[in-house]
Every structure is written in structure tokens, then in C-alpha cells.
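Q: Would you be able to build a 3D model of this:
(2 chains)
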Amino acid sequence: MGGKCPHRKVKKRRLSHKTARRGKFLLNADDAVYDELVKLADKGKDCEGKALPVDEDLPGMGQFYCLHCDRYFADETVKEDHYRSKRHKKRVKTLSGPAPHTQLDADLAAGMGMPDNGLKLMST
Amino acid sequence: MRLEKCWFCSSTVYPGHGIQFVRNDAKVFRFCRSKCHKNFKMKRNPRKVKWTKAYRRLRGKDMTQDTTFEFERKRNRPERYDRILTEQTLKAIPLITKIRHERQKKHITERQKGGKSMSRKKDAKELEQDLQMLPKKDTVAYEATKQKVIVSQLKTEENLMEE
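A: Just a heads-up that it's a prediction; the model follows:
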């Protein structure tokens, strides 16, 4: 998928390689992040409180993480800078809005009822 | 065999049609045609794209709540085969679709009726003009409601002034 970018004049940057775009594919999608946030809210924990696992492959040993943007940072100051950025604030705003579109929404909009799972088989 | 609905536009995806995308967290996204797939790849929100069912449902363009919607649903518990039941179901399907289409038609004609605010204004004016034609009991009640409205308006204005 190495496409030519016609608006770039610099020859070096003319080609957009998949390796360069890989970060974009690895990011969590909006609905996945939303689910994560909902899960945390149900637990009643703030997203800061939990100790993160140490991973030496990630920037800053994976200790400085922004849940909303799914990004790791090198240290606390960079993370704070990120929190003050427009991009982060925008993202927080979108994620605090209505829940993202799901297959269930699509089904309901198509005129289907709620899924029928039948009776509970095991009594708890 | 299941007829799934398109993730983007909510139309039915028949076997051999469309494309299915499985994300690396094992979530399945089904699309009825390349148009929907492309729109998904562009990260468009179906709620903001005018031609999708999700948009139309959200803005009240289509009928949303109806008893005929309760028949078609994803059933995750398999039904035990029953010849009579199947026969009856097959008989009921065209009837129900007919009823649903009629209701949808009615919904749309009602939605497209114009001049709602105009008619409301006209009614209010008529009431004001022909108040003496009403029995006295009703006029008193009407005046009382009017007084209430005025008082509440005044109160809010006072509050605003104080602030």
C-alpha cells in the first residue's frame, strides 16, 4: 500500500510507507477506548490510580499512559504537556459524548427488536 | 442461515454479498457494499451520514417504536422445529409486513404535514377572541393559567435582575 503523495515536493517524503503508518493501525479504535473508560467508571476507579505494568519496549517503560489517546509518554512532564494539548482535549470531549455506533444500534435502526437469548439455563 | 444487518447503513446483507471486517480485537463488522465499507474506513459516523438508517432513526424521519418491530430479532436460542408453527409464521409474515408498511406510510404523511406552529398560533388567537363564548367556569380556569404564566415570567425576570 505504498501510495504516491502528489502534494509533497520533497522527494524523500514522497512515498507514504505502510511502516510509517503502522502506529495508526495499532491504535485502539474509539469504541474500544470508550468501552475501557466505561469499565473503569463502573469500577469507580480513576484512570490514573492503577499501577501500570513495566514494559521496556514502550516509551518511559510504559509508565506514562494516556487512556483517551492510547499513547505512552517518556516521562511525567511530556504527559502533562500532552494533557494540555488541543488534540487530547478534543478527544476527551468526543469520548465523553454519546456512546459510539455499534452493531446493536445498526440492528435496532433496521427495525429489529432486542436480541433474544432465551431463558437462563443455569440458575445462579 | 442468518441475514445480518450492515454495520453502517443497517440494510440486510444477503449471503454472498458485501464484505466482513474482523478487527484485531475480534470484533466483526459487516458491510453490505463497498460504499459502506469505504465510509467505515474513512471513520465516518453513521449517525451523521444522512442516508443511513441510524441517522433517520435518530432524527425521527422513520418510524421507530412499533409493535411490528418485535418480530424480527436475533434469536440466540435455537427454536425446536414445529411444522404448524412454521406454517403459521409463513402465513403471518406478509400480513405483518403489510401492516408495517401502512404504518410507515402514515408516519411519513404525518411528519410531512406543514404549518404546525402557524396552526398553533391561529388556535391561540381564536381562543383569545372568542373567550366569551365559553362557559364561565372554563374562562375563569383559562384566566388562572394565564395569570400563572405571567407571574412565573415575572419571577424569572426578577431573578435575572438580581443576578
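
Q: what's the helix or strand for residue 56?
A: Picking chain A for this. For A:Glu56, there is no enclosing helix or strand under DSSP states H and E.

Q: my question was about chain B
A: Take DSSP H and E as the rule and B:Arg56 turns out to sit in helix B:53-58.

Q: Restricting to C-alpha, output that helix in CSV.
A: In CSV, the C-alpha atoms belonging to helix B:53-58 read as follows (Å, rounded to 0.1, in the frame of the first residue of the first chain):
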residue,chain,number,x,y,z
LYS,B,53,-30.9,4.3,8.9
ALA,B,54,-29.2,5.3,12.1
TYR,B,55,-29.4,9.0,11.1
ARG,B,56,-33.0,8.7,10.0
ARG,B,57,-34.0,6.9,13.2
LEU,B,58,-32.2,9.5,15.4
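
Q: how distant is the helix or strand following that helix from the center of its chain?
A: In the C-terminal direction, the helix or strand that comes right after helix B:53-58 (DSSP H and E) is helix B:83-111. In terms of CA atoms, centre = their mean, to the nearest Å, the gap separating the centre of helix B:83-111 from the centre of its chain is 18 Å.

Q: what packs against helix B:83-111?
A: Helix B:83-111 is packed against no helix or strand, with contacts defined by 3 or more CB pairs under 8 Å, 6 or more residues apart in numbering or on different chains; DSSP states H and E. (Each C-beta comes from the backbone N, C-alpha and C, glycine too.)

Q: Smallest gap between chain A and chain B, at which residue?
A: Across chain A, the shortest distance to chain B (CB to the nearest CB) belongs to A:Gly118, at 2.9 Å.

Q: The helix holding B:Arg56 near chain A at all?
A: Yes - residues of helix B:53-58 are located near chain A by CB under 8 Å from any CB of the partner chain, namely B:53-54, B:56-57.

Q: between these, which is closest to A:Tyr72?
A: Here the nearest of these to A:Tyr72, counting by CB to CB, is B:Ala54; it sits at 33.9 Å.

Q: so how many other residues sit close to residue 22?
A: You didn't say which chain, so I picked chain A. Under the neighbour criterion other CB atoms under 10 Å in any protein chain shown, A:Arg22 is assigned a count of 10.

Q: Not quite, go with chain B.
A: A count of neighbours around B:Val22, defined by other CB under 10 Å, yields 10.
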